[in-house]
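Engineer: give me coordinates for this.
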Amino acid sequence: MNKIRSFIALEIPEEIKKEITQYIENFKKENLPVKWVEKENLHITLVFLGERDLNFLNKVKEILKNLSSNFKPFYINLENFGFFPNAKKPRVFWIGIKKNKEIIVQMVEKLNDQLKKIGFKPEEREFSPHLTIGRFKTIFNSEKYLLLKYESKDFLIDKIILFKSNLTPQGPIYEVIEDYKLFGV
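Structural biologist: Sure thing, here's the model as predicted:
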């Protein structure tokens, strides 16, 4: 049976993507050892599902349909830069979430509880909501970038999206499998 590489995420508006892309363009001038995320691929990952069959994905769709009725639309904003695991030995370059971060954490906790019931093993480490902007190719001390300030305007999160990720030599191409409007009360 065919397997589909997939993940669950929140989209960010085009104008915020443009702002972030400006920062990325400036970082590129510094020749950081980073593989940057393309503008069209910027999003907030909730759960990476990996390679899954259609039967599993159909169960995920049911979970997302139910989950979307538990959350009403909410506003978030993005703020400042950070690194996983840390700035001295970074692997991931990210932008944090400030407003209503706890709602996203609750969403992921509920998602993981439901996904466990269909045999999915969630990540061990604690979920920290963020927007990945790049992945380091080599170790590079990045502490000076922690001093950079960025804050987006507030924007509305009104749906959860199940994405398919097609890996190509040029990088991943993301395709919406289905989206779920938030309509909780």
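Engineer: pLDDT wise, what is residue 141 at?
Structural biologist: The pLDDT attached to residue 141 in the predicted structure is 89.
Engineer: distance of it from residue 95?
Structural biologist: Residue 141 sits 19 Å away from residue 95, going by Cβ to Cβ, to the nearest Å. From N, CA and C alone the C-beta is placed, and that goes for glycine too.
Engineer: how about residue 13?
Structural biologist: 14 Å.
Engineer: of those two, which one has the most company?
Structural biologist: residue 95 (24 against 12; other Cβ atoms under 10 Å).
Engineer: from what I see, that one and residue 128 are in contact.
Structural biologist: No - counting by Cβ atoms under 8 Å, residue 95 does not reach residue 128; the two are 12.0 Å apart.
Engineer: could you list the low-pLDDT ranges of the protein?
Structural biologist: Scanning the chain with the threshold set as pLDDT under 70 gives 1.
Engineer: which stretches of the protein form strands?
Structural biologist: 3-11, 34-36, 43-53, 74-76, 78-84, 92-97, 130-136, 155-157, 159-168, 171-181 (DSSP state E).
Engineer: direction included, what does the fourth one pair up with?
Structural biologist: Each strand paired with strand 74-76, and its direction, by DSSP bridges: strand 155-157 (antiparallel).
Engineer: contacts for the partner strand, please.
Structural biologist: Outside strand 155-157, the residues that touch it by Cβ atoms under 8 Å, 6 or more residues apart in numbering are 10, 12-13, 16, 73-77, 104, 182.
Engineer: one more time with 10 Å, if that's ok
Structural biologist: 10-13, 15-16, 44, 71, 73-78, 99-100, 103-104, 107, 182 (Cβ atoms under 10 Å, 6 or more residues apart in numbering).
Engineer: I appreciate the help and will end here.
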